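Colleague: for reference, the sequence and a predicted model appear below.
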Amino acid sequence: MSHSLGYARPRQLAEAFDVLEEFGRDASLLAGGTDLVVGLRNGRVAPRMIVDLKRISGLHPVIEEREGRVSISARTRLTDIITDPRIQDHFPALVEAASTVGSVQIRNRATLTGNICNASPAADTAPALLAYGADVVLISRRGTRIVPLEEFLLGPRHTNIGADEIAAAVEIPQPAARTGSRFARLTRRRGVDLATISLCCVVGSRVTRFAYGAVGPKPFAMSDESGVLADPESSPEARLEVLHGFVAQATPISDLRGGRQYRHAMLLALSQRVLRAAIARRDRT
Amino acid sequence: MTEMTETTVTFTVNGAVRTIKVFPRTTLLDALRWQVGLTGTKKCCAEGECGACTVLLDGRAVNSCLVLAVEVEDAAVVTVEGLATAGHLSSVQDAFLTEGAIQCGFCIPGMVMAAHALLAENSRPSEAEVREGLSGNLCRCAGYQRIVQAVLLAAADGATVER
(Lines give C-alpha, C1' and ligand atoms only; values in the text may rest on other atoms or scores of the structure.)
Protein backbone atom coordinates (compact mmCIF):
# COMPACT_ATOMS: atom_id res chain seq x y z
CA MET A 1 0.00 0.00 0.00
CA SER A 2 2.60 2.55 1.02
CA HIS A 3 4.97 1.72 -1.79
CA SER A 4 6.91 4.60 -3.28
CA LEU A 5 4.91 6.83 -5.58
CA GLY A 6 6.46 9.53 -7.71
CA TYR A 7 4.96 12.57 -9.38
CA ALA A 8 6.07 14.08 -12.66
CA ARG A 9 4.87 17.39 -14.01
CA PRO A 10 6.29 17.53 -17.54
CA ARG A 11 6.22 20.81 -19.44
CA GLN A 12 6.87 19.23 -22.82
CA LEU A 13 5.47 16.14 -24.50
CA ALA A 14 9.02 14.81 -24.91
CA GLU A 15 9.47 14.82 -21.12
CA ALA A 16 6.20 12.96 -20.69
CA PHE A 17 7.27 10.33 -23.22
CA ASP A 18 10.57 9.95 -21.33
CA VAL A 19 8.71 9.17 -18.11
CA LEU A 20 6.43 6.71 -19.91
CA GLU A 21 9.47 5.03 -21.42
CA GLU A 22 10.99 4.60 -17.99
CA PHE A 23 7.89 3.50 -16.08
CA GLY A 24 5.70 1.87 -18.74
CA ARG A 25 2.52 0.41 -17.23
CA ASP A 26 3.68 1.54 -13.78
CA ALA A 27 2.91 5.12 -14.80
CA SER A 28 -0.61 6.56 -14.50
CA LEU A 29 -1.61 9.57 -16.57
CA LEU A 30 -3.36 12.30 -14.60
CA ALA A 31 -5.72 14.85 -16.12
CA GLY A 32 -8.81 15.52 -13.97
CA GLY A 33 -7.97 12.89 -11.38
CA THR A 34 -11.54 12.17 -10.32
CA ASP A 35 -11.10 8.45 -11.00
CA LEU A 36 -7.35 8.16 -10.42
CA VAL A 37 -7.37 9.68 -6.93
CA VAL A 38 -10.21 7.40 -5.83
CA GLY A 39 -8.27 4.44 -7.28
CA LEU A 40 -5.09 5.47 -5.43
CA ARG A 41 -7.00 5.70 -2.19
CA ASN A 42 -8.78 2.37 -2.36
CA GLY A 43 -5.81 0.57 -3.87
CA ARG A 44 -7.48 -0.32 -7.18
CA VAL A 45 -4.54 1.26 -8.96
CA ALA A 46 -0.98 1.25 -7.62
CA PRO A 47 1.26 3.14 -10.03
CA ARG A 48 4.88 3.96 -9.22
CA MET A 49 4.63 7.24 -11.08
CA ILE A 50 1.91 9.79 -11.75
CA VAL A 51 2.34 11.83 -14.92
CA ASP A 52 0.39 15.06 -14.65
CA LEU A 53 -0.64 16.17 -18.14
CA LYS A 54 -1.93 19.59 -17.11
CA ARG A 55 1.26 21.60 -17.63
CA ILE A 56 2.26 20.17 -21.00
CA SER A 57 2.51 23.08 -23.41
CA GLY A 58 1.53 20.97 -26.44
CA LEU A 59 -1.63 19.73 -24.77
CA HIS A 60 -3.86 22.75 -24.19
CA PRO A 61 -7.48 22.40 -23.16
CA VAL A 62 -9.16 23.26 -26.44
CA ILE A 63 -12.18 22.43 -28.58
CA GLU A 64 -11.50 22.86 -32.29
CA GLU A 65 -13.50 22.42 -35.49
CA ARG A 66 -11.64 21.37 -38.59
CA GLU A 67 -12.38 19.42 -41.75
CA GLY A 68 -15.81 18.38 -40.60
CA ARG A 69 -14.60 17.08 -37.26
CA VAL A 70 -14.67 18.47 -33.76
CA SER A 71 -11.63 17.75 -31.65
CA ILE A 72 -11.83 17.89 -27.85
CA SER A 73 -8.37 17.85 -26.29
CA ALA A 74 -7.48 15.60 -23.38
CA ARG A 75 -7.38 18.38 -20.83
CA THR A 76 -10.81 19.82 -21.63
CA ARG A 77 -13.05 19.64 -18.55
CA LEU A 78 -16.59 18.34 -18.83
CA THR A 79 -17.93 21.71 -17.63
CA ASP A 80 -16.25 23.40 -20.58
CA ILE A 81 -17.69 20.85 -23.00
CA ILE A 82 -21.21 21.27 -21.63
CA THR A 83 -21.09 25.05 -22.01
CA ASP A 84 -19.43 25.12 -25.45
CA PRO A 85 -21.86 26.46 -28.10
CA ARG A 86 -20.37 24.28 -30.87
CA ILE A 87 -20.81 21.11 -28.81
CA GLN A 88 -24.32 22.18 -27.85
CA ASP A 89 -25.07 22.79 -31.51
CA HIS A 90 -23.60 19.64 -33.07
CA PHE A 91 -23.73 17.13 -30.22
CA PRO A 92 -26.64 17.84 -27.86
CA ALA A 93 -26.64 14.23 -26.65
CA LEU A 94 -23.00 14.58 -25.59
CA VAL A 95 -23.96 17.65 -23.56
CA GLU A 96 -26.74 15.59 -21.95
CA ALA A 97 -24.38 12.72 -21.22
CA ALA A 98 -21.58 14.91 -19.85
CA SER A 99 -24.11 16.76 -17.67
CA THR A 100 -24.99 13.52 -15.88
CA VAL A 101 -21.42 12.81 -14.78
CA GLY A 102 -21.03 13.05 -11.00
CA SER A 103 -21.76 16.56 -9.82
CA VAL A 104 -20.77 20.16 -10.54
CA GLN A 105 -17.59 19.59 -8.53
CA ILE A 106 -16.70 16.43 -10.46
CA ARG A 107 -17.47 17.99 -13.86
CA ASN A 108 -15.24 20.96 -13.00
CA ARG A 109 -12.27 18.56 -12.82
CA ALA A 110 -13.14 15.51 -14.89
CA THR A 111 -12.20 15.33 -18.57
CA LEU A 112 -13.93 13.61 -21.46
CA THR A 113 -10.79 11.75 -22.47
CA GLY A 114 -10.31 10.61 -18.88
CA ASN A 115 -13.86 9.28 -18.73
CA ILE A 116 -13.09 7.18 -21.82
CA CYS A 117 -9.62 6.05 -20.70
CA ASN A 118 -10.99 4.97 -17.33
CA ALA A 119 -13.12 2.56 -19.40
CA SER A 120 -15.85 1.94 -16.89
CA PRO A 121 -18.66 -0.14 -18.41
CA ALA A 122 -20.93 2.61 -17.04
CA ALA A 123 -18.94 5.61 -18.35
CA ASP A 124 -21.65 8.18 -18.95
CA THR A 125 -20.12 9.84 -21.99
CA ALA A 126 -19.28 6.60 -23.81
CA PRO A 127 -22.72 5.85 -25.33
CA ALA A 128 -22.96 9.36 -26.75
CA LEU A 129 -19.44 9.26 -28.18
CA LEU A 130 -20.02 5.79 -29.65
CA ALA A 131 -23.32 6.81 -31.21
CA TYR A 132 -21.69 9.87 -32.80
CA GLY A 133 -18.84 7.68 -34.10
CA ALA A 134 -16.00 9.25 -32.09
CA ASP A 135 -12.33 8.39 -32.43
CA VAL A 136 -9.57 8.55 -29.82
CA VAL A 137 -6.32 10.26 -30.81
CA LEU A 138 -3.28 8.53 -29.32
CA ILE A 139 0.15 10.06 -29.49
CA SER A 140 3.57 8.62 -28.76
CA ARG A 141 7.13 8.74 -30.03
CA ARG A 142 5.98 6.29 -32.69
CA GLY A 143 3.54 8.85 -34.06
CA THR A 144 -0.22 9.37 -33.96
CA ARG A 145 -2.84 6.62 -33.97
CA ILE A 146 -6.49 7.42 -34.51
CA VAL A 147 -8.58 4.60 -33.10
CA PRO A 148 -12.37 4.31 -33.31
CA LEU A 149 -13.77 4.41 -29.77
CA GLU A 150 -15.44 1.05 -30.40
CA GLU A 151 -12.01 -0.53 -30.85
CA PHE A 152 -10.38 1.54 -28.11
CA LEU A 153 -12.66 0.14 -25.39
CA LEU A 154 -11.74 -3.50 -24.78
CA GLY A 155 -13.49 -4.31 -21.51
CA PRO A 156 -13.94 -3.15 -17.93
CA ARG A 157 -11.06 -0.75 -17.14
CA HIS A 158 -9.28 -2.01 -20.22
CA THR A 159 -8.40 -0.06 -23.38
CA ASN A 160 -5.94 -0.65 -26.17
CA ILE A 161 -3.77 2.35 -25.27
CA GLY A 162 -0.07 1.46 -25.48
CA ALA A 163 2.16 1.88 -22.43
CA ASP A 164 4.04 4.58 -24.31
CA GLU A 165 0.94 6.44 -25.53
CA ILE A 166 -1.03 9.44 -24.33
CA ALA A 167 -4.66 9.90 -25.32
CA ALA A 168 -4.41 13.46 -26.62
CA ALA A 169 -7.96 14.09 -27.81
CA VAL A 170 -11.36 12.74 -28.72
CA GLU A 171 -12.50 13.56 -32.26
CA ILE A 172 -16.09 13.44 -33.43
CA PRO A 173 -17.31 13.81 -37.02
CA GLN A 174 -19.88 16.56 -37.38
CA PRO A 175 -23.26 14.99 -38.04
CA ALA A 176 -25.04 15.58 -41.34
CA ALA A 177 -27.43 18.51 -41.38
CA ARG A 178 -30.58 16.43 -40.85
CA THR A 179 -29.63 14.60 -37.67
CA GLY A 180 -31.27 14.32 -34.26
CA SER A 181 -29.80 12.81 -31.13
CA ARG A 182 -30.72 12.09 -27.56
CA PHE A 183 -29.04 10.57 -24.50
CA ALA A 184 -30.85 9.02 -21.55
CA ARG A 185 -29.71 7.46 -18.33
CA LEU A 186 -31.48 5.58 -15.58
CA THR A 187 -30.22 6.10 -12.03
CA ARG A 188 -31.55 5.61 -8.53
CA ARG A 189 -30.87 9.20 -7.49
CA ARG A 190 -30.18 12.30 -9.56
CA GLY A 191 -26.69 13.40 -8.53
CA VAL A 192 -23.52 11.39 -7.91
CA ASP A 193 -24.80 7.98 -8.95
CA LEU A 194 -23.62 5.48 -11.52
CA ALA A 195 -25.88 4.52 -14.39
CA THR A 196 -28.22 1.55 -14.03
CA ILE A 197 -28.41 1.76 -17.81
CA SER A 198 -27.48 4.50 -20.25
CA LEU A 199 -28.11 4.89 -23.95
CA CYS A 200 -27.86 7.28 -26.84
CA CYS A 201 -29.59 7.49 -30.20
CA VAL A 202 -28.36 9.41 -33.24
CA VAL A 203 -30.82 9.39 -36.12
CA GLY A 204 -30.09 10.73 -39.59
CA SER A 205 -32.31 10.66 -42.67
CA ARG A 206 -31.72 6.92 -43.13
CA VAL A 207 -29.17 5.52 -40.68
CA THR A 208 -29.89 5.26 -36.97
CA ARG A 209 -27.16 4.50 -34.47
CA PHE A 210 -27.75 3.42 -30.91
CA ALA A 211 -25.18 2.92 -28.19
CA TYR A 212 -25.68 1.34 -24.80
CA GLY A 213 -23.78 1.59 -21.51
CA ALA A 214 -23.77 -0.26 -18.18
CA VAL A 215 -25.34 -3.36 -19.76
CA GLY A 216 -22.24 -5.38 -20.56
CA PRO A 217 -18.47 -5.46 -20.07
CA LYS A 218 -18.14 -2.43 -22.33
CA PRO A 219 -20.42 0.11 -23.96
CA PHE A 220 -21.39 -0.95 -27.48
CA ALA A 221 -23.08 0.49 -30.56
CA MET A 222 -25.69 -0.90 -32.99
CA SER A 223 -26.74 0.53 -36.35
CA ASP A 224 -29.90 0.32 -38.40
CA GLU A 225 -29.20 1.06 -42.04
CA SER A 226 -32.54 -0.22 -43.34
CA GLY A 227 -34.19 3.09 -42.55
CA VAL A 228 -36.91 1.47 -40.43
CA LEU A 229 -35.99 3.38 -37.28
CA ALA A 230 -35.34 6.68 -39.05
CA ASP A 231 -38.67 6.67 -40.90
CA PRO A 232 -41.47 8.24 -38.85
CA GLU A 233 -43.95 6.30 -41.05
CA SER A 234 -42.57 2.89 -39.99
CA SER A 235 -44.98 0.72 -38.05
CA PRO A 236 -44.38 0.52 -34.30
CA GLU A 237 -44.06 -3.27 -34.70
CA ALA A 238 -41.30 -2.95 -37.29
CA ARG A 239 -39.39 -0.50 -35.10
CA LEU A 240 -39.82 -2.65 -32.03
CA GLU A 241 -38.42 -5.63 -33.89
CA VAL A 242 -35.24 -3.73 -34.75
CA LEU A 243 -34.87 -2.41 -31.22
CA HIS A 244 -35.44 -5.93 -29.84
CA GLY A 245 -32.51 -7.04 -31.96
CA PHE A 246 -30.36 -4.23 -30.52
CA VAL A 247 -31.09 -4.82 -26.86
CA ALA A 248 -30.69 -8.58 -27.32
CA GLN A 249 -26.97 -7.81 -27.66
CA ALA A 250 -26.88 -6.46 -24.11
CA THR A 251 -25.55 -8.75 -21.38
CA PRO A 252 -26.40 -6.90 -18.19
CA ILE A 253 -25.59 -8.26 -14.76
CA SER A 254 -27.77 -8.10 -11.68
CA ASP A 255 -26.33 -5.85 -9.00
CA LEU A 256 -27.41 -3.31 -6.43
CA ARG A 257 -28.48 -0.89 -9.19
CA GLY A 258 -30.93 -3.27 -10.81
CA GLY A 259 -31.64 -6.83 -11.86
CA ARG A 260 -30.72 -8.25 -15.24
CA GLN A 261 -34.35 -8.51 -16.36
CA TYR A 262 -35.15 -5.01 -15.16
CA ARG A 263 -32.20 -3.62 -17.10
CA HIS A 264 -33.30 -5.46 -20.24
CA ALA A 265 -36.87 -4.22 -19.91
CA MET A 266 -35.80 -0.62 -19.30
CA LEU A 267 -33.36 -0.76 -22.18
CA LEU A 268 -36.20 -1.48 -24.59
CA ALA A 269 -38.51 1.10 -23.05
CA LEU A 270 -35.89 3.83 -23.05
CA SER A 271 -34.75 2.89 -26.57
CA GLN A 272 -38.23 3.67 -27.85
CA ARG A 273 -38.31 6.88 -25.88
CA VAL A 274 -34.92 8.23 -27.02
CA LEU A 275 -35.69 7.28 -30.62
CA ARG A 276 -38.88 9.35 -30.52
CA ALA A 277 -37.00 12.25 -28.91
CA ALA A 278 -34.14 12.07 -31.43
CA ILE A 279 -36.55 12.00 -34.38
CA ALA A 280 -38.42 14.98 -32.95
CA ARG A 281 -35.14 16.89 -32.70
CA ARG A 282 -34.13 15.90 -36.22
CA ASP A 283 -37.44 17.00 -37.72
CA ARG A 284 -37.50 20.25 -35.80
CA THR A 285 -34.29 21.44 -37.38
CA MET B 1 10.54 17.40 -12.87
CA THR B 2 10.39 13.94 -11.36
CA GLU B 3 10.15 13.41 -7.63
CA MET B 4 10.09 10.15 -5.75
CA THR B 5 9.62 11.72 -2.36
CA GLU B 6 8.17 14.94 -1.02
CA THR B 7 7.42 17.76 -3.42
CA THR B 8 7.28 21.43 -2.58
CA VAL B 9 4.05 23.11 -3.61
CA THR B 10 3.41 26.83 -3.56
CA PHE B 11 -0.15 28.04 -3.90
CA THR B 12 -2.50 30.72 -2.65
CA VAL B 13 -4.96 29.91 0.11
CA ASN B 14 -7.56 32.56 0.87
CA GLY B 15 -5.28 35.19 -0.62
CA ALA B 16 -2.11 34.21 1.26
CA VAL B 17 0.77 32.45 -0.47
CA ARG B 18 1.66 29.15 1.20
CA THR B 19 4.47 26.73 0.52
CA ILE B 20 4.18 23.20 1.83
CA LYS B 21 5.92 19.88 1.29
CA VAL B 22 3.69 17.00 0.35
CA PHE B 23 3.89 13.40 -0.81
CA PRO B 24 2.37 12.73 -4.23
CA ARG B 25 -0.62 10.87 -2.80
CA THR B 26 -1.53 13.63 -0.32
CA THR B 27 -4.85 15.15 -1.28
CA LEU B 28 -5.51 18.88 -1.28
CA LEU B 29 -8.08 18.14 1.44
CA ASP B 30 -5.53 16.57 3.78
CA ALA B 31 -2.97 19.26 3.00
CA LEU B 32 -5.47 22.01 3.84
CA ARG B 33 -6.55 20.36 7.07
CA TRP B 34 -3.28 19.03 8.44
CA GLN B 35 -0.57 21.19 6.93
CA VAL B 36 -2.22 24.54 6.36
CA GLY B 37 -4.36 24.11 9.48
CA LEU B 38 -7.67 25.04 7.90
CA THR B 39 -10.11 22.49 9.28
CA GLY B 40 -13.27 24.22 8.06
CA THR B 41 -13.07 22.04 4.95
CA LYS B 42 -14.55 18.73 6.09
CA LYS B 43 -13.38 15.21 5.37
CA CYS B 44 -16.18 12.73 4.99
CA CYS B 45 -16.42 10.21 2.12
CA ALA B 46 -13.04 11.14 0.63
CA GLU B 47 -14.13 9.84 -2.77
CA GLY B 48 -16.07 12.67 -4.36
CA GLU B 49 -19.56 11.57 -3.38
CA CYS B 50 -20.56 13.90 -0.55
CA GLY B 51 -19.16 17.37 -1.31
CA ALA B 52 -18.21 18.14 2.32
CA CYS B 53 -14.68 18.98 1.18
CA THR B 54 -15.76 21.46 -1.53
CA VAL B 55 -13.36 24.38 -2.07
CA LEU B 56 -12.90 26.85 -4.89
CA LEU B 57 -9.92 26.07 -7.06
CA ASP B 58 -9.16 28.93 -9.46
CA GLY B 59 -12.76 30.01 -8.97
CA ARG B 60 -14.42 26.66 -9.56
CA ALA B 61 -16.02 24.37 -7.00
CA VAL B 62 -14.10 21.11 -6.71
CA ASN B 63 -13.93 18.19 -4.31
CA SER B 64 -10.60 18.77 -2.57
CA CYS B 65 -10.48 15.03 -1.75
CA LEU B 66 -10.10 14.32 -5.49
CA VAL B 67 -7.33 16.83 -6.07
CA LEU B 68 -3.75 15.94 -5.25
CA ALA B 69 -1.95 18.70 -3.38
CA VAL B 70 0.88 18.52 -5.93
CA GLU B 71 -1.59 19.56 -8.63
CA VAL B 72 -2.32 23.00 -7.17
CA GLU B 73 1.10 24.55 -7.78
CA ASP B 74 0.51 28.24 -8.62
CA ALA B 75 -3.26 27.85 -8.19
CA ALA B 76 -5.62 29.87 -6.00
CA VAL B 77 -7.69 28.01 -3.41
CA VAL B 78 -10.52 29.51 -1.39
CA THR B 79 -11.87 27.64 1.61
CA VAL B 80 -14.82 28.46 3.85
CA GLU B 81 -12.41 30.38 6.10
CA GLY B 82 -11.78 32.77 3.23
CA LEU B 83 -15.35 33.94 2.71
CA ALA B 84 -15.80 36.39 5.57
CA THR B 85 -14.24 39.79 5.00
CA ALA B 86 -13.19 42.13 7.82
CA GLY B 87 -15.14 40.09 10.33
CA HIS B 88 -18.34 40.12 8.28
CA LEU B 89 -19.85 36.88 7.07
CA SER B 90 -20.47 36.56 3.35
CA SER B 91 -24.03 37.09 2.18
CA VAL B 92 -24.37 33.36 1.59
CA GLN B 93 -23.20 32.56 5.12
CA ASP B 94 -25.61 35.18 6.46
CA ALA B 95 -28.48 33.68 4.51
CA PHE B 96 -27.73 30.20 5.93
CA LEU B 97 -28.01 31.65 9.46
CA THR B 98 -31.17 33.61 8.65
CA GLU B 99 -32.89 30.54 7.22
CA GLY B 100 -31.68 28.24 10.01
CA ALA B 101 -30.19 26.08 7.30
CA ILE B 102 -27.71 24.43 9.65
CA GLN B 103 -28.45 21.32 11.64
CA CYS B 104 -25.41 19.27 12.62
CA GLY B 105 -23.35 21.59 10.44
CA PHE B 106 -20.91 19.08 9.02
CA CYS B 107 -21.95 19.50 5.38
CA ILE B 108 -22.35 23.27 5.64
CA PRO B 109 -18.85 24.44 4.64
CA GLY B 110 -19.16 22.39 1.47
CA MET B 111 -22.71 23.58 0.87
CA VAL B 112 -21.67 27.21 1.32
CA MET B 113 -18.74 26.83 -1.07
CA ALA B 114 -20.92 25.15 -3.69
CA ALA B 115 -23.50 27.93 -3.25
CA HIS B 116 -20.80 30.58 -3.71
CA ALA B 117 -19.63 28.97 -6.92
CA LEU B 118 -23.20 28.73 -8.17
CA LEU B 119 -24.03 32.37 -7.43
CA ALA B 120 -20.76 33.58 -8.94
CA GLU B 121 -21.90 32.04 -12.20
CA ASN B 122 -25.63 32.60 -11.98
CA SER B 123 -26.67 35.42 -9.65
CA ARG B 124 -30.42 34.65 -9.90
CA PRO B 125 -30.78 30.87 -10.05
CA SER B 126 -34.15 29.15 -10.05
CA GLU B 127 -34.91 26.62 -7.33
CA ALA B 128 -34.17 23.83 -9.83
CA GLU B 129 -30.82 25.41 -10.64
CA VAL B 130 -29.96 25.66 -6.94
CA ARG B 131 -30.82 21.99 -6.46
CA GLU B 132 -28.70 21.05 -9.46
CA GLY B 133 -25.86 23.27 -8.25
CA LEU B 134 -25.92 21.56 -4.85
CA SER B 135 -26.54 18.01 -6.13
CA GLY B 136 -22.95 17.10 -5.34
CA ASN B 137 -23.42 17.97 -1.67
CA LEU B 138 -25.06 15.52 0.70
CA CYS B 139 -26.65 16.52 4.02
CA ARG B 140 -27.15 13.56 6.34
CA CYS B 141 -29.62 15.57 8.40
CA ALA B 142 -31.60 15.88 5.16
CA GLY B 143 -31.96 19.61 5.77
CA TYR B 144 -32.11 20.36 2.08
CA GLN B 145 -35.24 22.50 2.12
CA ARG B 146 -33.74 25.23 4.26
CA ILE B 147 -30.40 25.02 2.54
CA VAL B 148 -32.06 25.63 -0.82
CA GLN B 149 -34.10 28.46 0.70
CA ALA B 150 -30.94 30.03 2.06
CA VAL B 151 -29.27 30.05 -1.33
CA LEU B 152 -32.40 31.53 -2.91
CA LEU B 153 -32.48 34.18 -0.16
CA ALA B 154 -28.84 35.09 -0.79
CA ALA B 155 -29.64 35.43 -4.49
CA ALA B 156 -32.77 37.50 -3.83
CA ASP B 157 -30.77 39.81 -1.58
CA GLY B 158 -28.62 40.52 -4.59
CA ALA B 159 -25.61 38.85 -3.08
CA THR B 160 -22.50 39.85 -4.90
CA VAL B 161 -20.31 36.83 -4.99
CA GLU B 162 -16.82 36.95 -6.33
CA ARG B 163 -14.78 33.98 -7.30
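Modeller: Yep, that arrived.

Colleague: for A:L59, list the residues it contacts.
Modeller: A:L13, A:L53, A:S73, A:A74, A:R75, A:I166, A:A168 (CB atoms under 8 Å, 6 or more residues apart in numbering or on different chains). Every C-beta, even on glycine, is put in place using the N, C-alpha and C of the backbone.

Colleague: and the residue nearest the centre of chain B, what does it touch?
Modeller: By CA atoms, centre = their mean, chain B has its centre lying nearest to B:V55, at 2.8 Å. B:V55 makes contacts with B:L28, B:L32, B:T41, B:A61, B:V62, B:S64, B:V77, B:V78, B:T79, B:V80, B:M113, as judged by CB under 8 Å, 6+ apart.

Colleague: export those to a markdown table and tack on neighbour count and secondary structure?
Modeller: Converted to a markdown table, the contacts of B:V55 look like this (neighbours: other CB atoms under 10 Å in any protein chain shown; DSSP: H, G, I helix; E, B strand; the rest coil):
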| residue | neighbour count | secondary structure |
| --- | --- | --- |
| B:L28 | 31 | helix |
| B:L32 | 26 | helix |
| B:T41 | 24 | coil |
| B:A61 | 32 | strand |
| B:V62 | 29 | strand |
| B:S64 | 30 | helix |
| B:V77 | 25 | strand |
| B:V78 | 22 | strand |
| B:T79 | 23 | coil |
| B:V80 | 24 | helix |
| B:M113 | 29 | helix |
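
Colleague: and chain A, which of the residues you listed reach it?
Modeller: B:A61, B:V62 (CB under 8 Å from any CB of the partner chain).

Colleague: okay, helices next: where are they in chain B?
Modeller: Assigned helices in chain B, in chain order: B:28-30, B:91-98, B:108-121, B:127-133, B:144-156 (criterion: DSSP state H).

Colleague: how about those in a markdown table, adding mean pLDDT?
Modeller: Shown next, in a markdown table, are these (pLDDT from 0 to 100):
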| stretch | mean pLDDT |
| --- | --- |
| helix B:28-30 | 98 |
| helix B:91-98 | 96 |
| helix B:108-121 | 97 |
| helix B:127-133 | 96 |
| helix B:144-156 | 96 |
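
Colleague: export these to TSV and append columns for distance to A:D35.
Modeller: Listed next are those as TSV, based on distance: least, CB to CB, whole Å:
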stretch	distance to A:D35
helix B:28-30	16
helix B:91-98	30
helix B:108-121	21
helix B:127-133	22
helix B:144-156	28
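
Colleague: for these, which one sits closest to A:G204?
Modeller: The closest of these to A:G204 is helix B:127-133. By CB to CB, the value is 31.4 Å.

Colleague: per-residue confidence at the residue in the stretch 1-150 of chain A positioned nearest to chain B?
Modeller: Closest contact between the stretch 1-150 of chain A and chain B, by CB to the nearest CB, is at A:S103 (2.3 Å). A:S103 is assigned a predicted lDDT (pLDDT) of 94.

Colleague: measure it to A:A195 for me?
Modeller: A:S103 sits 15 Å away from A:A195, going by CB to CB, to the nearest Å.

Colleague: same deal with A:A98?
Modeller: 13 Å.

Colleague: any common contacting residues for those two?
Modeller: Jointly contacting A:A98 and A:A195 under the rule CB under 8 Å, 6+ apart are A:D124.

Colleague: residue contacts, the nearest residue to B:Q149 once chain neighbours are set aside?
Modeller: Among residues not flanking B:Q149 along the chain, B:E99 sits closest, at 4.9 Å (CB to CB, 6 or more residues apart in numbering or on different chains). The neighbours of B:E99, taking CB under 8 Å, 6+ apart as the test, are B:R146, B:I147, B:Q149, B:A150, B:L153.
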